[in-house]
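Colleague: Predicted model, plus sequence, below.
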Amino acid sequence: MGNRGMEDLIPLVNRLQDAFAAIGQNANLDLPQIAVVGGDFLPRGSGIVTRRPLVLQLVNSSTEYGEFLHCKGKKFTDFEEVRLEIEAETDRVTGSNKGISPVPINLRVYSPHVLNLTLVDLPGMTKVPVGDQPPDIEFQIRDMLMQFVTKENCLILAVSPANSDLANSDALKIAKEVDPQGQRTIGVITKLDLMDEGTDARDVLENKLLPLRRGYIGVVNRSQKDIDGKKDIQAALAAERKFFLSHPAYRHMADRMGTPYLQKVLNQQLTNHIRDTLPGLRNKLQSQLLSIEKEVEEYKNFRPDDPARKTKALLQMVQQFAVDFEKRIEGSGDQIDTYELSGGARINRIFHERFPFELVKVQLAAEIQFFSLTGLFTPDMAFETIVKKQVKKIKEPCLKCVDMVISELINTVRQCTKKLSQYPHLREEMERIVTTHIREREGRTKDQVMLLIDIELAYMNTNHEDFIGFANAQQRSSQMSKKKAAGNQVIRKGWLTINNIGIMKGGSKEYWFVLTAENLSWYKDDEEKEKKYMLPVDNLKLRDVEKGFMSSKHIFALFNTEQRNVYKDYRQLELACETQEEVDSWKASFLRAGVYPERVGASETEENGSDNFMHSMDPQLERQVETIRNLVDSYMAIVNKTIRDLMPKTIMHLMINNTKDFIHSELLANLYSCGDQNTLMEESAEQAQRRDEMLRMYHALKEALNIIGDINTTYHLDAGLLHPAPRLRGELPLFRPPDLGPEARLLGHLLLVGPRWVVPPLCPPGQVPLLIPLGPHLRFLLGLTVLLLVFPGKS
């Protein structure tokens with residue numbers, strides 16, 4: 001492809017780098033480039049160290065100057081100023097404490113004496129902190145290097161000194177780690193002239209030891225003495241050439257050694273690499289553009305101060321909020337969280353698990369015995385008095401149910417307003433209005449709930465079809481037989497942790513539990529093949545257990561009312577769940593199996609005392625007490641069934657559906673009445689920043705695709721390969737070697753003193769000389785200055 005290819009392809013990648021450098025790391029594109037990695041990366045000068053990657057872009061131009069991307073438009077003609085600007089820009093990002101940063105500095109150098117080439121100069125693998133660098137500087141640098149060299153489109157220029165064991169080379173170690181097949185690595189061996197007498201690097205340079213697909217190139221750099229003595233560049237190049245031609249181990253490969261050959265290889269390798277990776281790069285750019293195009297469409301004609309836009313946005317936000325709220329309540333939509341229950345599902349659990357559990361916890365008091373023993377009340381009077389007291393106790397769980405639903409509704413409102421984060425004032429006002437409405441409905445709903453209880457208290461319907469009746473009050477045993485008939489019915493299955501068994505063996509253990517109306521069984525796993533134990537639920541009750549200091553799980557316990565061991569030698573079986581909601585759900589399931597919570601406090605004392613007293617009653621009185629108990633149980637079951645049915649309907653009508661209607665019909669009017677619409681629709685700083693970033697990325701991607709499209713006029717992208725367009729013989733460009741004027745010679749002298757660049761080398765006719773970057777920390781790159789100086793009048 002030659003120099004024509006370099007002129008087309010390398011500037012293409014330079015323009016892509018500039019396009020995406022403007023948007024930081026967001027694009028995360030794997031651009032084809034060469035990254036320099038080596039062990040001799042500490043600078044010879046004091047206080048100068050590469051702490052940020054330097055992306056050096058060399059551009060063939062008729063004028064000569066440098067330009068940084070971060071201060072575009074400012075031209076640097078004094079390269080000492082360039083060095084100072086690099087240090088200043090590094091300190092701006094990393095601070096002055098010698099820290100490092102992976103954010104690159106982009107520098108473009110224009111000169112008539114260079115070929116187009118791009119290299120990334122990376123910090124060296126320093127192992128000892130310099131100055132006040134952090135102790136982990138080695139690991140920080142390694143992480144930075146990995147960000148570049150792990151990318152498949154990055155060629156690795158691995159620099160290793162010949163006078164050290166190649167097996168211990170940091171550069172080759174990193175290259176081998178990220179490129180085990182050696183497909184992307186170009187080896188450079190320096191300090192060949194400093195090897196011990198009688199030794200050589202022939203096997204390495206012939207690619208026999210630690211072979212790389214792209215091979216090794218040897219170079220001879222100037223020593224520090226040569227640099228201090230300002231040894232002539234021509235003499236340095238001649239000395240390098242003489243070294244390879246005269247050394248018995250290298251003379252047969254002298255034409256493939258030295259800095260001139262290195263510049264030729266870099267030229268060809270980067271060009272071919274760009275050619276091979278460009279089709280894949282274009283596909284990746286297109287994919288990224290498609291992924292953000294829909295969002296960017298909303299931003300293209302965005303005008304922050306347009307009243308019409310604000311009005312339209314307000315309408316859209318209110319409509320979207322109404323839709324989201326309804327979907328969360330109904331549990332529909334495509335954005336429902338699969339890891340957490342939606343608002344509607346949680347409210348459903350309150351209605352059908354938590355609330356029934358709270359109702360059953362309302363236990364019969366000991367008034368039954370009192371009314372029967374005193375003889376002051378007939379069975380009818382005792383029944384009515386006890387039922388009314390029990391119905392009044394239902395008020396508390398009913399009000400608690402309303403409070404739980406309100407809490408879930410308010411939480412659902414907050415979840416729905418998260419999408420309004422771009423308008424913080426609107427979000428705050430919308431939350432306030434809807435929450436205030438819910439609180440207003442709270443009073444009305446609780447009044448209606450109290451009305452339901454008062455209705456139950458107003459009249460005892462003993463003619464209800466489900467009421468057991470006085471004639472059948474003693475047929476309680478028939479219910480037990482029904483329970484046994486349904487004994488095989490599975491009420492619940494799930495994982496539970498047995499918390500108090502196996503403590504000596506290392507702690508709690510999880511089992512698969514199966515609860516039926518008669519038994520609680522647990523298995524090794526959910527395949528239910530290996531049963532561990534089966535526990536009858538008769539005479540079982542449950543109680544809460546406080547969490548341990550180190551435990552994050554919620555615990556409840558099963559125990560036997562007859563003071564017997566529940567399981568082996570254990571008085572109680574402690575079962576643990578991850579959340580309190582799971583515990584409540586399991587408790588509700590145990591209630592269906594007839595396992596009730598224990599009585600606490602005075603009720604328990606009364607129960608124990610009355611039970612003991614019942615043993616001393618005469619049989620007739622005992623039968624009378626049992627009859628009243630059965631009657632109360634039967635009637636309270638009817639009341640509980642009615643309340644369980646009416647409570648969800650009442651809350652849904654007066655609170656949930658009413659809130660939906662309010663959001664649809666009145667929310668917008670309330671927002672308009674709040675005051676200044678401009679303040680309400682004021683955009684957050686984060687949203688403005690995100691919009692700007694998305695627009696910059698969109699335009700950068702479009703520009704990058706246009707840049708790649710430009711090359712189609714010269715090359716064809718098909719079948720994943722880049723092919724040159726056919727040319728006639730007469731069309732092949734020819735270049736005469738440029739003359740080196742006094743300015744270029746002065747530039748070369750300056751660069752030898754504070755080297756970050758090198759100047760053009762001896763160059764065959766028809767080719768443009770190449771300028772290669774010189775890191776102040778790279779000893780081998782110091783030698784490249786020799787390569788790049790032009791010898792006037794020679795070919």
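Modeller: Cool, got the structure.
Colleague: show me the contacts for Ile105.
Modeller: Contacts for Ile105 (C-beta atoms under 8 Å, 6 or more residues apart in numbering) come out as Arg52, Pro53, Leu54, Val55, Phe68, Leu69, His70, Ile86, Glu89, Thr90. In short, each C-beta sits where N, CA and C put it, glycine included.
Colleague: separation between the third one and Met146?
Modeller: Right, Leu54. Using C-beta to C-beta, to the nearest Å, we find Leu54 at a distance of 17 Å from Met146.
Colleague: Likewise for the first one?
Modeller: Counting by C-beta to C-beta, the gap from Arg52 to Met146 is 15 Å.
Colleague: if we can go back for a sec, tell me which of Leu54 and Met146 has more neighbours.
Modeller: Leu54 (21 against 14; other C-beta atoms under 10 Å).
Colleague: if I read this right, the more buried one contacts Leu107, doesn't it?
Modeller: Yes: contact status for Leu54 versus Leu107: in contact at 6.3 Å, counting by C-beta atoms under 8 Å.
Colleague: What helices and strands are in contact with the helix or strand harbouring Glu440?
Modeller: Using DSSP states H and E, Glu440 sits in helix 424-458. Counting contacts by 3 or more C-beta pairs under 8 Å, 6 or more residues apart in numbering; DSSP states H and E, helix 424-458 is packed against helix 307-330, helix 379-393, helix 395-416, helix 619-651, helix 657-665, helix 667-672, helix 677-680.
Colleague: make it 7 Å
Modeller: For helix 424-458, the packing partners by 3 or more C-beta pairs under 7 Å, 6 or more residues apart in numbering; DSSP states H and E come out as helix 379-393, helix 395-416, helix 619-651, helix 657-665, helix 667-672, helix 677-680.
Colleague: so which of those gets nearest Leu281?
Modeller: helix 395-416 (40.7 Å; C-beta to C-beta).
Colleague: Tell me the buried residues in that closest one?
Modeller: Within helix 395-416, the residues scored as buried using 16 or more other C-beta atoms under 10 Å are 395, 397-398, 401-402, 404-406, 408-410, 412-413, 415-416.
Colleague: which other residues reach that helix?
Modeller: Contacts to helix 395-416, defined as C-beta atoms under 7 Å, 6 or more residues apart in numbering, come from residues 321, 324-325, 328-329, 343, 346-347, 350, 354-355, 358-359, 362, 431, 434-435, 438, 442, 445-446, 449-450, 453, 643, 647, 651, 655-656, 659.
Colleague: re the thing from before, give me the mean pLDDT for the helix holding Glu440.
Modeller: Regarding helix 424-458, the rounded mean pLDDT is 93.
Colleague: quick check: mean pLDDT across whichever strand or helix holds Ala175?
Modeller: Element membership of Ala175, judged by DSSP H and E, is helix 170-178. Averaging pLDDT along helix 170-178 yields 87.
Colleague: Could you do stretch 284-294 as well?
Modeller: Averaged over stretch 284-294, pLDDT sits at 83.
Colleague: Next: stretch 697-709.
Modeller: pLDDT averaged over stretch 697-709 gives 80.
Colleague: What are the buried residues along it?
Modeller: Met697, Tyr698, Ala700, Leu701, Glu703, Ala704, Leu705, Ile707, Ile708.
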